[in-house]
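> heads up, no residue letters with this:
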């Protein structure tokens with residue numbers, strides 16, 4: 001089956017960048033440094049979640065409030081150390097982008113990361129020049145699962161959401177894309193499998209996503 005679409009909107013962490021597992025590695029240490037010890041499995045709840053919501057969820061888990069700005073700074077310091085030498089890519093990223101290049105399809109990133117940080121990660125991983133637009137959570141009123149980042153990303157491509165397809169690894173991202181009115185959403189889970197199963201298609205890899213799209 002081949003779908004007709006004019007643009008592609010992509011998540012970042014866990015879809016293009018193999019950074020979700022890095023988050024799992026640094027998360028327990030970051031919280032320990034702030035005086036809290038949480039089980040490693042708890043951090044699965046934070047996949048795709050912006051830092052403000054992460055702070056809220058952590059606060060509920062520990063029974064105390066935690067400052068999202070402090071969390072953001074500590075987390076970024078730990079991740080910067082972990083990503084200092086390189087940022088690993090998810091399998092098949094370049095082949096997927098090559099397929100979009102071949103068909104001259106524009107693409108944007110829609111992420112719950114802050115835009116400048118998303119652009120830094122894309123640049124550090126060698127992907128920034130292959131992306132036409134980046135929309136981070138700081139550019140909109142609400143992060144995923146609200147549709148705002150996907151709607152804004154489509155606007156950056158000068159397209160309607162209905163003219164785009166979306167790929168995301170998380171249930172939060174899938175809900176955001178669907179709420180934005182994107183007619184075809186492919187979920188490519190990374191470390192956390194979908195519980196909602198709301199995406200039009202589930203794919204085990206970007207290569208499988210290419211086959212679904214007929215590209």
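Yep, it's here. What you see is a predicted model; the values in this text were computed from it and never measured.
> correct me if wrong: residue 5 contacts residue 166.
No. Here residue 5 lies out of contact with residue 166, judged by C-beta atoms under 8 Å, at a distance of 9.6 Å. In short, each C-beta sits where N, CA and C put it, glycine included.
> hey, what's in contact with both of these two?
The contact sets of residue 5 and residue 166 overlap at residue 184 (C-beta atoms under 8 Å, 6 or more residues apart in numbering).
> and these two? Which one has more around it.
residue 166 (30 against 20; other C-beta atoms under 10 Å).
> can I assume the more buried one is in contact with residue 151?
No. Counting by C-beta under 8 Å, no contact exists between residue 166 and residue 151, whose distance comes to 11.1 Å.
> what sits in contact with each of the two?
By C-beta under 8 Å, 6+ apart, residue 166 and residue 151 have these common neighbours: residue 180.
> give me the neighbour count for residue 140.
By other C-beta under 10 Å, 20 other residues sit near residue 140.
> how about residue 138: what's its closest non-neighbour residue?
Using C-beta to C-beta, 6 or more residues apart in numbering and skipping residues adjacent in sequence, the residue nearest residue 138 is residue 114, 4.8 Å away.
> could you pull out the strands for the protein?
For the chain, the strands defined by DSSP state E occupy 7-10, 107-110, 133-135, 164-168, 184-187, 201-202.
> list just the one of those that sits closest to residue 31.
Among the strands of the chain, strand 164-168 comes nearest to residue 31, with 25.8 Å by C-beta to C-beta.
> show the average pLDDT along the closest one.
Across strand 164-168, pLDDT averages out at 98.
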